[in-house]
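K.L.:
fold the following, please.
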Amino acid sequence: MEERSESAFERVQRARHPARPYALDIFESVFEDFVEIHGDRRYADDSAIVSGFARLNGAEVAVIGHQKGRDTNQRRHRNFGMPKPEGYRKALRVMRLAEKFGRPIVTFIDTPGAYPGIDAEERGQAEAIAFNLREMAQLKVPTIIVVLGEGGSGGALAIGIGDRVLMCENAVYSVISPEGCAAILFKDAAEAEKAANSLKLTALDLRRLELIDEIVPEASDWEVSDEEEDQSFADDPVTKELKRSIEKHLKQLSVLSTEELLEKRFEKFRAMGKWLGA
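P.N.:
Numbers count the residues shown, from 1 in each chain. Take a look at the predicted model:
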(Lines give C-alpha, C1' and ligand atoms only; values in the text may rest on other atoms or scores of the structure.)
Protein backbone atom coordinates (compact mmCIF):
# COMPACT_ATOMS: atom_id res chain seq x y z
CA MET A 1 0.00 0.00 0.00
CA GLU A 2 1.49 3.34 -1.06
CA GLU A 3 1.85 6.04 1.55
CA ARG A 4 0.12 9.31 0.75
CA SER A 5 1.62 12.73 1.37
CA GLU A 6 -0.74 13.69 4.21
CA SER A 7 0.89 14.44 7.54
CA ALA A 8 -0.15 12.62 10.71
CA PHE A 9 -2.15 15.64 11.88
CA GLU A 10 -3.98 15.82 8.55
CA ARG A 11 -5.01 12.21 9.16
CA VAL A 12 -6.28 13.26 12.58
CA GLN A 13 -8.38 15.97 10.95
CA ARG A 14 -9.79 13.48 8.45
CA ALA A 15 -10.63 11.06 11.24
CA ARG A 16 -12.57 13.85 12.97
CA HIS A 17 -14.42 15.10 9.89
CA PRO A 18 -18.12 15.59 10.81
CA ALA A 19 -19.32 13.90 7.60
CA ARG A 20 -17.25 10.78 8.22
CA PRO A 21 -19.28 7.57 8.69
CA TYR A 22 -20.17 6.65 12.26
CA ALA A 23 -21.08 3.28 13.75
CA LEU A 24 -24.80 3.53 12.98
CA ASP A 25 -24.01 4.36 9.35
CA ILE A 26 -21.94 1.17 9.13
CA PHE A 27 -24.59 -0.90 10.91
CA GLU A 28 -27.15 0.16 8.30
CA SER A 29 -24.92 -0.13 5.22
CA VAL A 30 -22.62 -3.10 5.87
CA PHE A 31 -25.02 -5.21 7.94
CA GLU A 32 -28.71 -6.07 7.64
CA ASP A 33 -31.59 -6.21 10.13
CA PHE A 34 -29.83 -4.32 12.92
CA VAL A 35 -31.73 -4.47 16.22
CA GLU A 36 -30.41 -2.20 18.95
CA ILE A 37 -30.06 -3.25 22.58
CA HIS A 38 -30.25 -0.51 25.19
CA GLY A 39 -29.01 -0.17 28.75
CA ASP A 40 -26.53 -1.88 31.03
CA ARG A 41 -29.23 -3.15 33.47
CA ARG A 42 -27.34 -1.46 36.28
CA TYR A 43 -27.65 2.29 35.85
CA ALA A 44 -28.68 3.75 32.47
CA ASP A 45 -28.45 3.65 28.69
CA ASP A 46 -25.36 5.45 27.40
CA SER A 47 -26.01 6.85 23.92
CA ALA A 48 -22.29 7.27 23.23
CA ILE A 49 -22.19 3.52 22.57
CA VAL A 50 -24.64 1.74 20.28
CA SER A 51 -24.91 -2.02 20.28
CA GLY A 52 -27.11 -4.89 19.24
CA PHE A 53 -27.41 -7.75 16.80
CA ALA A 54 -27.45 -7.76 13.01
CA ARG A 55 -26.83 -10.03 10.04
CA LEU A 56 -23.86 -10.12 7.71
CA ASN A 57 -24.90 -11.90 4.55
CA GLY A 58 -27.42 -13.87 6.59
CA ALA A 59 -25.06 -14.77 9.45
CA GLU A 60 -25.96 -13.35 12.86
CA VAL A 61 -23.33 -11.15 14.55
CA ALA A 62 -23.16 -8.77 17.49
CA VAL A 63 -22.18 -5.21 16.60
CA ILE A 64 -20.94 -2.52 18.98
CA GLY A 65 -19.58 0.95 18.30
CA HIS A 66 -18.97 4.46 19.52
CA GLN A 67 -21.47 6.95 18.15
CA LYS A 68 -20.85 10.67 17.71
CA GLY A 69 -23.41 13.25 16.60
CA ARG A 70 -23.54 15.35 13.46
CA ASP A 71 -25.29 18.45 14.80
CA THR A 72 -25.18 20.19 18.17
CA ASN A 73 -28.19 18.38 19.64
CA GLN A 74 -26.95 14.97 18.51
CA ARG A 75 -23.48 15.65 19.86
CA ARG A 76 -24.86 16.55 23.25
CA HIS A 77 -27.10 13.47 23.23
CA ARG A 78 -24.20 11.22 22.27
CA ASN A 79 -21.79 13.04 24.60
CA PHE A 80 -19.48 13.63 21.62
CA GLY A 81 -18.83 9.88 21.41
CA MET A 82 -17.26 9.75 24.89
CA PRO A 83 -18.78 6.84 26.85
CA LYS A 84 -19.43 6.66 30.58
CA PRO A 85 -19.13 3.43 32.60
CA GLU A 86 -22.67 2.36 31.74
CA GLY A 87 -21.73 2.49 28.05
CA TYR A 88 -18.90 0.02 28.51
CA ARG A 89 -21.08 -2.18 30.71
CA LYS A 90 -23.77 -2.16 28.03
CA ALA A 91 -21.17 -3.21 25.46
CA LEU A 92 -20.03 -6.06 27.71
CA ARG A 93 -23.63 -7.15 28.25
CA VAL A 94 -24.04 -7.53 24.47
CA MET A 95 -20.70 -9.34 24.18
CA ARG A 96 -21.76 -11.87 26.80
CA LEU A 97 -25.06 -12.43 25.00
CA ALA A 98 -23.12 -13.01 21.79
CA GLU A 99 -20.83 -15.48 23.54
CA LYS A 100 -23.78 -17.31 25.08
CA PHE A 101 -25.39 -17.86 21.68
CA GLY A 102 -22.17 -18.39 19.71
CA ARG A 103 -22.32 -15.19 17.67
CA PRO A 104 -19.17 -13.43 16.42
CA ILE A 105 -18.59 -9.87 17.61
CA VAL A 106 -17.60 -6.85 15.49
CA THR A 107 -16.79 -3.56 17.22
CA PHE A 108 -16.22 -0.12 15.72
CA ILE A 109 -13.94 2.36 17.47
CA ASP A 110 -14.47 6.10 17.05
CA THR A 111 -13.98 8.13 20.22
CA PRO A 112 -11.67 10.87 21.46
CA GLY A 113 -11.63 8.95 24.74
CA ALA A 114 -13.74 7.88 27.69
CA TYR A 115 -15.70 10.65 29.41
CA PRO A 116 -13.54 12.08 32.25
CA GLY A 117 -16.32 13.76 34.23
CA ILE A 118 -16.75 13.45 38.00
CA ASP A 119 -20.00 11.48 37.63
CA ALA A 120 -18.29 8.91 35.40
CA GLU A 121 -15.41 8.57 37.85
CA GLU A 122 -17.84 8.12 40.75
CA ARG A 123 -19.52 5.23 38.93
CA GLY A 124 -16.22 3.47 38.23
CA GLN A 125 -14.98 4.57 34.82
CA ALA A 126 -11.52 3.04 35.19
CA GLU A 127 -12.92 -0.21 36.62
CA ALA A 128 -15.42 -0.54 33.75
CA ILE A 129 -12.65 -0.13 31.16
CA ALA A 130 -10.25 -2.52 32.91
CA PHE A 131 -13.00 -5.11 33.40
CA ASN A 132 -13.84 -5.02 29.68
CA LEU A 133 -10.19 -5.52 28.76
CA ARG A 134 -10.02 -8.68 30.85
CA GLU A 135 -13.36 -10.05 29.72
CA MET A 136 -12.79 -9.40 26.01
CA ALA A 137 -9.47 -11.23 26.19
CA GLN A 138 -11.37 -14.35 27.28
CA LEU A 139 -14.38 -14.28 24.95
CA LYS A 140 -14.94 -17.66 23.33
CA VAL A 141 -16.23 -16.29 20.03
CA PRO A 142 -14.41 -14.59 17.14
CA THR A 143 -13.99 -10.87 17.74
CA ILE A 144 -13.06 -8.32 15.08
CA ILE A 145 -12.15 -4.73 15.89
CA VAL A 146 -12.45 -1.92 13.34
CA VAL A 147 -10.87 1.46 14.06
CA LEU A 148 -13.29 3.62 12.12
CA GLY A 149 -12.24 7.16 13.04
CA GLU A 150 -10.58 8.30 16.25
CA GLY A 151 -9.16 5.68 18.58
CA GLY A 152 -8.50 7.48 21.83
CA SER A 153 -6.73 5.76 24.72
CA GLY A 154 -8.61 3.49 27.15
CA GLY A 155 -11.91 4.79 25.83
CA ALA A 156 -11.12 2.96 22.61
CA LEU A 157 -9.42 -0.08 24.13
CA ALA A 158 -12.48 -0.89 26.25
CA ILE A 159 -14.09 -2.30 23.09
CA GLY A 160 -10.78 -2.90 21.29
CA ILE A 161 -9.48 -6.33 22.36
CA GLY A 162 -10.03 -8.92 19.64
CA ASP A 163 -8.65 -11.55 17.32
CA ARG A 164 -8.20 -9.17 14.39
CA VAL A 165 -7.79 -5.40 14.41
CA LEU A 166 -8.63 -3.60 11.17
CA MET A 167 -8.09 0.10 10.66
CA CYS A 168 -9.45 2.48 8.04
CA GLU A 169 -6.71 4.29 6.17
CA ASN A 170 -7.55 7.74 7.51
CA ALA A 171 -8.32 6.62 11.06
CA VAL A 172 -5.97 7.26 13.98
CA TYR A 173 -5.26 5.22 17.12
CA SER A 174 -3.17 6.45 20.04
CA VAL A 175 -2.70 6.54 23.78
CA ILE A 176 -3.65 10.23 23.93
CA SER A 177 -4.91 12.95 21.60
CA PRO A 178 -2.28 15.12 19.87
CA GLU A 179 -3.58 18.14 21.78
CA GLY A 180 -3.32 16.34 25.12
CA CYS A 181 0.15 15.08 24.31
CA ALA A 182 1.28 18.57 23.27
CA ALA A 183 -0.10 20.09 26.46
CA ILE A 184 1.91 17.61 28.54
CA LEU A 185 5.16 17.47 26.60
CA PHE A 186 5.38 20.98 25.17
CA LYS A 187 3.13 22.86 27.62
CA ASP A 188 1.18 24.12 24.61
CA ALA A 189 -1.78 22.41 22.95
CA ALA A 190 -1.07 24.44 19.82
CA GLU A 191 1.87 22.09 19.20
CA ALA A 192 -0.60 19.30 18.36
CA GLU A 193 0.78 18.80 14.86
CA LYS A 194 4.27 18.17 16.23
CA ALA A 195 2.86 15.75 18.80
CA ALA A 196 0.86 13.87 16.16
CA ASN A 197 4.04 13.11 14.24
CA SER A 198 5.66 11.70 17.37
CA LEU A 199 2.72 9.55 18.46
CA LYS A 200 2.86 7.21 15.43
CA LEU A 201 -0.92 7.12 15.35
CA THR A 202 -1.68 6.55 11.66
CA ALA A 203 -2.77 3.25 10.16
CA LEU A 204 0.54 2.92 8.30
CA ASP A 205 2.53 3.51 11.49
CA LEU A 206 0.53 0.92 13.42
CA ARG A 207 0.73 -1.64 10.65
CA ARG A 208 4.52 -1.30 10.59
CA LEU A 209 4.56 -1.79 14.35
CA GLU A 210 2.35 -4.89 13.92
CA LEU A 211 -0.31 -3.52 16.24
CA ILE A 212 -3.06 -3.88 13.64
CA ASP A 213 -3.70 -6.63 11.12
CA GLU A 214 -5.02 -4.84 8.06
CA ILE A 215 -5.55 -1.37 6.61
CA VAL A 216 -8.83 -0.79 4.79
CA PRO A 217 -8.01 1.49 1.80
CA GLU A 218 -10.00 4.69 1.84
CA ALA A 219 -10.92 7.48 -0.53
CA SER A 220 -10.40 11.03 0.72
CA ASP A 221 -14.12 11.77 0.28
CA TRP A 222 -15.57 8.79 2.19
CA GLU A 223 -18.52 10.70 3.59
CA VAL A 224 -22.18 10.18 4.38
CA SER A 225 -24.61 12.21 2.29
CA ASP A 226 -26.97 14.65 4.00
CA GLU A 227 -29.79 13.33 1.83
CA GLU A 228 -31.58 10.65 3.84
CA GLU A 229 -32.84 8.84 0.76
CA ASP A 230 -29.40 8.68 -0.83
CA GLN A 231 -28.30 5.02 -0.82
CA SER A 232 -24.90 5.68 -2.40
CA PHE A 233 -22.99 5.18 0.87
CA ALA A 234 -23.81 1.46 0.99
CA ASP A 235 -22.54 1.17 -2.58
CA ASP A 236 -19.41 3.22 -1.93
CA PRO A 237 -16.20 1.32 -2.83
CA VAL A 238 -14.72 1.96 0.63
CA THR A 239 -17.82 0.64 2.37
CA LYS A 240 -17.81 -2.44 0.16
CA GLU A 241 -14.11 -3.03 0.87
CA LEU A 242 -14.73 -2.75 4.60
CA LYS A 243 -17.51 -5.32 4.34
CA ARG A 244 -15.30 -7.69 2.33
CA SER A 245 -12.52 -7.36 4.88
CA ILE A 246 -14.82 -8.16 7.82
CA GLU A 247 -16.26 -11.15 5.96
CA LYS A 248 -12.80 -12.44 5.11
CA HIS A 249 -11.54 -12.35 8.68
CA LEU A 250 -14.71 -13.83 10.12
CA LYS A 251 -14.39 -16.72 7.67
CA GLN A 252 -10.76 -17.30 8.68
CA LEU A 253 -11.61 -17.25 12.39
CA SER A 254 -14.69 -19.45 12.07
CA VAL A 255 -12.63 -22.58 11.36
CA LEU A 256 -10.68 -22.31 14.63
CA SER A 257 -11.66 -24.25 17.71
CA THR A 258 -12.29 -22.31 20.92
CA GLU A 259 -8.90 -23.41 22.27
CA GLU A 260 -7.11 -22.30 19.10
CA LEU A 261 -8.95 -18.99 19.08
CA LEU A 262 -7.97 -18.15 22.65
CA GLU A 263 -4.37 -19.29 22.17
CA LYS A 264 -3.88 -17.20 19.05
CA ARG A 265 -5.44 -14.17 20.72
CA PHE A 266 -3.09 -14.59 23.68
CA GLU A 267 -0.08 -14.89 21.38
CA LYS A 268 -1.18 -11.83 19.39
CA PHE A 269 -1.20 -9.51 22.37
CA ARG A 270 1.86 -11.03 24.02
CA ALA A 271 3.85 -10.22 20.87
CA MET A 272 3.06 -6.51 21.08
CA GLY A 273 5.76 -4.16 22.35
CA LYS A 274 8.68 -6.47 21.68
CA TRP A 275 11.89 -5.59 23.51
CA LEU A 276 14.74 -5.56 20.99
CA GLY A 277 17.54 -4.77 23.42
CA ALA A 278 19.69 -1.70 23.91
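K.L.:
which residue ranges of the stretch 151-278 of the chain form helices?
P.N.:
153-157, 178-185, 192-199, 203-208, 237-254, 258-270 (DSSP state H, counting those that start in this stretch).
K.L.:
pick the most buried one from those helices.
P.N.:
For those, average neighbour numbers computed from mean count of other C-beta atoms under 10 Å are highest in helix 153-157, which has a mean of 21. The way it works is simple: take the backbone N, C-alpha and C, and place the C-beta from them, glycine included.
K.L.:
any idea how far that helix is from the chain center?
P.N.:
Relative to its chain's centre, helix 153-157 lies at 9 Å (C-alpha atoms, centre = their mean, to the nearest Å).
K.L.:
Tyr22: which of the helices of the stretch 151-278 of the chain is closest?
P.N.:
helix 237-254 (12.7 Å; C-beta to C-beta).
K.L.:
what does stretch 193-211 contact?
P.N.:
1, 3, 7-9, 11-12, 147, 165, 167-176, 178-179, 181-182, 185-186, 212, 214-215, 271-272 (C-beta atoms under 8 Å, 6 or more residues apart in numbering).
K.L.:
quick one: buried ones out of the residues you listed?
P.N.:
8-9, 11-12, 147, 165, 167-174, 176, 178-179, 181-182, 212, 214-215 (16 or more other C-beta atoms under 10 Å).
K.L.:
note down every partner strand of the helix or strand hosting Glu150 and its orientation.
P.N.:
Per DSSP states H and E: Glu150 is located in strand 143-152. Using DSSP bridges, strand 143-152 pairs in its sheet with strand 105-111 (parallel), strand 164-168 (parallel), strand 172-174 (parallel).
K.L.:
how far does the shortest one sit from its chain's centre?
P.N.:
Same thing as strand 172-174. Worked out by C-alpha atoms, centre = their mean, strand 172-174 lies 10 Å from the chain centre.
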